[in-house]
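[1] Okay, sequence plus prediction incoming.
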Amino acid sequence: MKLCGDGCAAVCDFCEHYRDNGLGSGKGFAGYGICALHGHETGAADMCEDFECFQIKVREGALSTNEAYRYISELKAEIERLHKLYERERQIAEQAEGYARKLEKEKEMSSYRHAEYAGELREQISALKRNADEANELAQHYYARWKAVQDREKLVEALLWYASEENYDGSEFRLSEIEKDSGQRARDILREIGVMVE
């Protein structure tokens, strides 16, 4: 079992080997998929001794550019789907609440039927709000994963620029790109990923 050290849960959803059936299909997060290591079906909440947190490879730079872009694309699509689901569930809940208030104002309904309808509607409202909250939590979860991969790409881009010998090529009459930059590129990237720089 390999953990990233940030308190990650050792479940398949966070494992490098887990491939959710929903990702890449346009249907969103399915909650079950395939373990690429063992070759069998598994649930996102299942656990295994061979767990390996996906963050480890991101930090070690083992993801190729294509893999990183694939992660970003899939995570962005999932975030968008969950935000739309959250908005839809919220609108339905608001409509149900409005209908419940309308029923309460209708004097012609008997008190018994009134209470029965109001109770059913409140149950539906509670269920819709729970679904909306779950969708919002999933959106935040996938946004955090997408942000981690995106920040890594920014850091790699900056390091490659500083590592290029061409940027150190200067002369007595012309400053090199590194001398012109004076670390500004690094400071800009650090600010973009949330690191305070004086």
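    Great, that's in hand.
[2] okay, and the helix or strand of the chain with the least pLDDT?
    When the helices and strands of the chain are scored by mean pLDDT, DSSP states H and E, helix 54-60 comes last with a mean of 70.
[3] what about Gly31, distance to Ala44?
    Separation of Gly31 from Ala44 (CB to CB, to the nearest Å) stands at 5 Å. (Glycine included, C-beta is placed from N, CA and C.)
[4] Now do the shared contacts for the two.
    Contact criterion CB atoms under 8 Å, 6 or more residues apart in numbering; residues bridging Gly31 and Ala44 by contacting each: Asp20.
[5] So, low pLDDT: which residues of this protein?
    For the chain, applying pLDDT under 70 flags the ranges 24-28, 57-69, 71, 107-114, 197-198.
[6] could you redo the last one with a cut-off of 80?
    1, 4-9, 22-30, 54-79, 82, 101, 103-119, 170-173, 195-198 (pLDDT under 80).
[7] ranges for the helices of the chain?
    Ranges of helices in the chain, per DSSP state H, are 54-60, 65-105, 111-163, 177-181, 184-192.
[8] between the second one and helix 111-163, how big is the angle?
    Put plainly, it is helix 65-105. For helix 65-105 against helix 111-163, the angle by axes from the mean of the first three to the mean of the last three CA atoms, to 10 degrees is 160 degrees.
[9] Report the contact partners of the residue nearest the centre of the chain.
    For the chain, the residue nearest the mean C-alpha position is Tyr142 (1.2 Å; CA atoms, centre = their mean). Counting by CB under 8 Å, 6+ apart, Tyr142 makes contact with Phe29, Leu75, Glu78, Ile79, Leu82.
[10] ok, now how distant is it from Gln91?
    Separation of Tyr142 from Gln91 (CB to CB): 22 Å.
[11] can you pull the contacts of Glu134?
    Glu134 touches nothing, counting by CB under 8 Å, 6+ apart.
[12] gap between it and Phe29?
    Taking CB to CB, one finds Glu134 at 11 Å from Phe29.
[13] Burial check on Ser182, number of neighbours?
    Ser182: 10 surrounding residues under other CB atoms under 10 Å.
[14] Could you number the chain from 795 rather than 1 from now on?
    Right, with 795 as the first residue, what we last looked at is Ser976.
[15] For it, give me phi and psi.
    Backbone geometry at Ser976, expressed as degrees, to the nearest 10, gives phi 50, psi 40.
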